[in-house]
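> no sequence on this one, just coordinates:
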């Protein structure tokens, strides 16, 4: 027995979406064989306990409600169907329809029928089928009506249509006005054998077949899911109203007539179809995990509520999949995860022993741009009301994004943000331990953008605000091993607060450097990583806040995740045709925002981008041998013992700031738009995090080279 779940129309969405279901789902995907077997066993046992399903058991099925829901985060809930009866498109019927068809099946017992199959290719029979489909007047006038209730193989359905059972596997449904001898005889004789469909007659099938599953997966979208950066750019452009049409790859355009809910549903369908492995085995669904990473989202997550293409859960799915891709394609990570394992072992080749889960907080905060302050003070307007008219759409988006940063320095909302985040962290941790009682691995936190500041302050136990410090005891129910900050403004925030950064509970380090304990921030974690892309306008360094002298150190360069030039040549080849498109898109943004035409003498975007960051230079930097690069008069030296001790207190690697390598397409003009939101799909980010976790460096390095400015 195969089970299915809808992917196109949710039954419900989290409360903040104000969603109402307006139509029934039409697209269903089968659960894996293992999940279907498990669902069927629990269904027959009449179990009331939700059944965990899909990749890494990230979803569960309520067998009473027949609904699929995510386990660890809030998201859309979809209908589940038991695959007993299927229409001609391979879509399983609903529970109510299935029960009705099954009752008729047991009553009629069509498996006892012994029909002779006619030759549908004969000239005479082809003419009969043609007459049926044309239903000429002479046939109608000369044909006697049939009492369908007296036919042993026909039953009336609640919908008003009729079902005719043909044999133990096949049946057809047809309208009530198909009630003549001629019509019934043709349906009975030719429905299951004719290569020419009978108009108004719909074939249905009892039981699942493998070819049906192949057909379903063949119909899944063949277009790759847009990258996070591309999704953001498209969404942002549409929000600003630069284009009223959506351009497809085949240069056709489609007018935007869909409702916001339909657009959101389409995005979520893409994610359900593309984010998860649909053929999970028993072993894969119970893979062993040594490292659990909680990921905290950043600024403007209200956009993820309005425009689901900017969806943090999807971003984390992308991160999980990127890690798996990098892992399966590079032996260096497999050797770290399994130093003595058999290379032929399936686990060795597929399981990186790392799980990542999203932690969302924005929808739990009681502030909305369309509402007044929480107390609904009638003296104060809404944020929307104080917007000026110029580029209102842009201001609405900027308000959504910047609002989170502004609120972060308002004590009342700061407490709400930190408490909401810590509560969600503890909830997901407790739930994960309940679902995975054998998990004894390490727990890490990855914060992106403002999420990194939230994570940093939670682990520091205090933060700076416009009204001074707010003491926030660490209320987490678990110890954080490594804290990864990605695209982080923490360096800027702490500089504005006038605070240095040091190791937690390290009085020796603090006192030796003459730092006032009230003027330091000390995250309680074993290792602190600050990862940034050189084009990211939101990211700031942290090491100079540990010691101003460290400002002379260049950030540690993160190596490419995939070794070898072939990977980057392939990237160049794959994206070469898209360079012009990306620049053109950036041009639209600039023109749309200013509503002015560039002067004929002005330089093109291509020329400006070339001057700022020549593609040739980037390609050369990739191709040139590393040893030759090192010879370009880069000043290097060993850290002093005092310098190394100070940095080792925060990270056993001896460094905190890590810079991602420049990619083939990192034009500074274009990349500044997307660099800040692309960490989750960046293979180098995934490779670096995997390497650091899988190495499990418990002993600090003894010496460290640094490059100097």
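The structure has been received and is ready for your questions. For clarity, every value in this text was computed on a predicted model and none was experimentally measured.

> When you work out contacts or count neighbours from here on, use the C-alpha atoms and nothing else.
OK.

> okay, now the closest residue to residue 464 other than its chain neighbours: neighbour count?
Counting by CA to CA, 6 or more residues apart in numbering, residue 497 is the residue found nearest to residue 464 once chain neighbours are left out, at 5.8 Å. Other residues within reach of residue 497, judged by other CA atoms under 10 Å, total 18.

> Check residue 497 and give its pLDDT.
Note for residue 497: predicted pLDDT of 88.

> Any figure for the gap between it and residue 521?
Separation of residue 497 from residue 521 (CA to CA, to the nearest Å) stands at 10 Å.

> got the phi/psi numbers for residue 82?
Dihedral pair for residue 82: phi -90, psi 120, per degrees, to the nearest 10.

> Let me know the pLDDT of it.
The model's pLDDT for residue 82 equals 96.

> And for it, the neighbour number?
Neighbours around residue 82, by other CA under 10 Å: 21.

> Let me see the contact set for it.
Applying CA atoms under 8 Å, 6 or more residues apart in numbering, we find residue 82 in contact with 1, 2, 3, 4, 92, 95.

> now those: which count as buried?
Buried by 16 or more other CA atoms under 10 Å: 2, 3, 4, 92, 95, out of the contacts of residue 82.

> Residue 558: neighbour count?
Neighbourhood size, residue 558 [other CA under 10 Å]: 18.

> And for the closest residue in space to it that isn't next to it in sequence, the neighbour number?
Spatially, and ignoring its direct neighbours in sequence, residue 558 is nearest to residue 660 (5.1 Å; CA to CA, 6+ apart). Neighbourhood size, residue 660 [other CA under 10 Å]: 21.

> Let me see the contact set for residue 660.
Per CA under 8 Å, 6+ apart, neighbours of residue 660: 531, 532, 533, 534, 557, 558, 559, 684, 685.

> repeat for residue 547
Contacts of residue 547 (CA under 8 Å, 6+ apart): residue 500.

> run the last query once more with 10 Å
500, 501, 502, 513, 643, 646, 647 (CA atoms under 10 Å, 6 or more residues apart in numbering).

> Among these, which pair sits farthest apart?
Using CA to CA, these reach their maximum pairwise distance at 500 and 643, which is 15.2 Å.

> Need the phi and psi values for residue 171.
In terms of degrees, to the nearest 10, the main-chain angles of residue 171 are phi -150, psi 170.

> separation between the closest residue to it other than its chain neighbours and residue 20?
The shortest distance from residue 171 to any non-neighbouring residue, by CA to CA, 6+ apart, is to residue 165 (4.3 Å). Using CA to CA, residue 165 is found at 37 Å from residue 20.

> Longest helix in the chain, please.
helix 411-435 (DSSP state H).

> re the thing from before, for residue 500 and residue 643, indicate the residue with more neighbours.
Set residue 500 next to residue 643 and count neighbours by other CA under 10 Å: residue 500 wins out with 24 against 15.

> isn't the more buried one right up against residue 523?
No: at 11.5 Å, residue 500 and residue 523 do not qualify as touching, with contact defined as CA atoms under 10 Å.

> any common contacting residues for residue 497 and residue 521?
By CA under 10 Å, 6+ apart, the residues touching both residue 497 and residue 521 are 463, 464.

> For the stretch 101-250 of the chain, give me the ranges with low pLDDT.
Filtered on pLDDT under 70, the stretch 101-250 of the chain yields the residue ranges 115-129, 131-143, 192-196, 213-250.

> Helices of that one, start to end?
123-134, 137-141, 181-190, 210-218, 228-240 (DSSP state H, counting those that start in this stretch).

> ok, residue 93 to residue 6 distance?
Residue 93 sits 12 Å away from residue 6, going by CA to CA.

> tell me, what's touching those two both at once?
residue 81.

> What ranges does the stretch 601-709 of the chain have for its helices?
605-612, 615-623, 626-630, 641-648, 668-674, 683-695.

> Show the average pLDDT along stretch 675-693.
91.

> So which bits of that stretch are buried?
Under 16+ other CA under 10 Å, the buried positions of stretch 675-693 are 675-691, 693.

> do you know how far residue 151 is from residue 108?
Taking CA to CA, one finds residue 151 at 10 Å from residue 108.

> Quickly list what's touching both of the two.
Listed as contacting both residue 151 and residue 108 by CA under 10 Å, 6+ apart are residue 164.

> What are the buried residues along stretch 327-345?
327, 328, 332, 333, 334, 335, 336, 337, 338.

> pretty sure the second one is touching residue 348, no?
Yes: under the criterion of CA under 10 Å, residue 328 lies in contact with residue 348, with a separation of 9.0 Å.

> Give the intersection of the neighbour lists for these two.
Counting by CA under 10 Å, 6+ apart, the shared contacts of residue 328 and residue 348 are residue 334.

> pretty sure the residue nearest to residue 464 contacts residue 463?
Yes: Residue 497 is within contact range of residue 463, at 8.6 Å (criterion: CA under 10 Å).

> if I look at these two, which residues touch both of them?
With CA under 10 Å, 6+ apart, residue 497 and residue 463 have common neighbours 469, 520, 521.

> in the stretch 251-400 of the chain, which segments are predicted with low confidence?
Within the stretch 251-400 of the chain, the stretches with pLDDT under 70 are 251-261, 263-264, 267-268, 271, 274, 278, 280-283, 299-310, 366-400.

> now do 90
Residues of the stretch 251-400 of the chain that meet the criterion pLDDT under 90 lie in 251-286, 297-315, 340-347, 360-400.

> repeat for the stretch 501-650 of the chain
504-519, 534-539, 560-635.

> what about residue 165 and residue 20, which has more around it?
residue 165 (26 against 11).

> before we move on, back to that, more crowded one of residue 93 and residue 6?
In this view residue 93 and residue 6 are compared by other CA under 10 Å, and residue 6 has more residues nearby, 25 against 18.

> coming back round to it: what angle do the helix or strand following the longest helix of the chain and helix 683-695 make?
Using DSSP states H and E, the helix or strand that follows helix 411-435 in sequence is strand 442-448. Between strand 442-448 and helix 683-695, the angle comes out at 160 degrees (axes from the mean of the first three to the mean of the last three CA atoms, to 10 degrees).

> And strand 442-448, what does it pack against?
The contact analysis (3 or more CA pairs under 10 Å, 6 or more residues apart in numbering; DSSP states H and E) places strand 442-448 against strand 291-296, strand 354-359, helix 450-460, strand 482-486, strand 527-532, helix 683-695.
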